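Q: Take this sequence and fold it.
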Amino acid sequence: MKFNLNKEVRNIAFTYVGTVIGAGFATGKEIVEFFSVNGVYGAFGILFATILFCWFGTKIMTIAHTYKLNSAQQFNVLLFGELGGNLINGLLFFVLLGVTSVMLSGAGAVFHNYLHFNSFLGSLLFIILTFMVLRKGTSGLFSLNNTVVPIMCAFIVAVFINSHLPFTMKEVTVNNILPSINTLNFSVFTKPITYVCLNMALAQAVLVPIGSECKEKSSILYGGVLGGLILGTILLLIHLNVSEVSNFQKYEIPMVEVIKKVHPLFYYFFLMVILAEIFTTLVGNIYGMSRQIKSFIPFNLNLLVVLILFVCLFISIIGYGPLLTFLYPLIGWISFIVILTLIKPKKST
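A: Sure, this is the predicted structure:
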C-alpha cells in the first residue's frame, strides 16, 4: 500500500506530537533524565522509545476506531472491565487535571520570569485562547497542531544545525556529533519503557477520540507511525544537543545552554516554542478531559471546557507539584499494565 500524506494523516501525526510534547520535552529536562544520562547509549534508548511510540500510539487509535470509543473512559472500561476501568480512569483523570494545572502555572511563570508579564494574566490569556480553539471542537485541535508542531520541529532542527555548524566546515567525526560513551546498564532499556508508558497514559485522552473520529483506518496507521517517527527524531536531536553541554545534568533547562552558543535571537524563539508546546498540550488535555466527562454526564462541551479550565487555574494557584511527584511513578506503572493489555485487547461486548 502506497504511503499517502493526506490531510487526515497530517492531522493525526501532528496532534499526536503536539499532545506528547510539553515544556519538559522542549527544555530538554525530560530527555536528560530518561536518555542523555546514559551517554551514547541514550541514542539506543531513543530508538527503542521511537518504536514504542509508533506501535502503541497506533494501537490505541486503532482500538478506538474499531470499537467506536469516544473517550479514554470507554477505552479503559473495554480493557479492564467496569470496575477496573473506572478506577484507572479516575486516577488518570486526576493526574491529567494536575498536569494541565502545572502546564497553566508554567505558562504564567514563563510570562512572568522571561517576558516580564503578570503571571496570572498570562495564565488567563492561555485560558481564553484554549477556549477559542476548542469552541471549534476537533477541527480546532487539528488546526492548532498543524500550525504549531511544524514550527516547533523546524526550530529544533535549526538549533541542531546551527549548534553543529562548525563541524560542517571541518572534518565530521563521530566524536563531533555523538555524546561520550557511558557504561551500558539496565536503565537504557527500562527508562524508554517508563517514558513512553507515562506519555501514553496521558495522551490516550486525546488519541482515543481522534482515533474514533478518523474516517480511514489506514490514516491511523500512517499518522501514528509518522507521529512516532517525528517524536523520535526530535528526541534524538535534543539529546545530541544537550549532551554537548558540560555537566548538563545540573541544569533545569539544558536547552538554554545550547541556545546560548548559537545566537541570542534563538533565545526569544525558544521562549515562544516553550509557550507553544505548553499551549498544544494544554489544549489537548482539556479536549480529552471534556470528552471523558461528557461520556458519562450529558453536559454542554463548551461549558465543560470553561469549568475544567477554571478548576485548573485554581489548582495552579494553590500548587500541585509534590502530589505529582508521587503520582507520576504510580501512573507510569499503571500505564505499563495498560500497555501490556493492548497486546491482546478484550473483544467488545
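
Q: how many other residues sit next to Glu90?
A: Rather than Glu, residue 90 is Gly. The tally of other residues near Gly90 (other Cβ atoms under 10 Å) stands at 12. Backbone N, C-alpha and C define where each C-beta goes, glycine included.

Q: Show the backbone phi and psi for it.
A: phi -60, psi -40 (degrees, to the nearest 10).

Q: The one helix or strand Asn76 maps to - contacts with which helices or strands?
A: Asn76 belongs to helix 72-115 when assigned by DSSP states H and E. Secondary-structure packing of helix 72-115 (3 or more Cβ pairs under 8 Å, 6 or more residues apart in numbering; DSSP states H and E): helix 41-67, helix 119-134, helix 187-213, helix 264-294, helix 301-318, helix 321-342.

Q: Next, the angle helix 264-294 makes with it.
A: Computed by axes from the mean of the first three to the mean of the last three Cα atoms, to 10 degrees, the angle separating helix 72-115 from helix 264-294 equals 150 degrees.

Q: Below-threshold pLDDT in the stretch 201-349 of the chain: ranges please.
A: Low-confidence segments of the stretch 201-349 of the chain, defined by pLDDT under 70, span residues 252, 318-332, 343-349.

Q: how does it look with 50?
A: 348-349 (pLDDT under 50).

Q: Pull the number of nearby residues for the closest residue to Tyr41 other than its chain neighbours.
A: Once flanking residues are discounted, Tyr41 sits nearest to Val188: 4.7 Å by Cβ to Cβ, 6 or more residues apart in numbering. The number of residues packed near Val188 is 20, by other Cβ under 10 Å.

Q: got the contact list for His239?
A: When contacts are counted by Cβ atoms under 8 Å, 6 or more residues apart in numbering, His239 touches 31, 35-36, 42-43, 46, 179.

Q: Okay, and it sits in which element?
A: helix 217-242.

Q: can you state the direction angle for that helix and helix 187-213?
A: Using the same axes, to 10 degrees: helix 217-242 against helix 187-213 is 150 degrees.

Q: mind listing what the nearest residue to Leu221 once chain neighbours are set aside touches?
A: Distances taken as Cβ to Cβ, 6+ apart put Thr58 closest to Leu221, at 5.9 Å, once the chain neighbours are dropped. Listed by Cβ under 8 Å, 6+ apart, the contact partners of Thr58 are 220-221, 224-225, 228.
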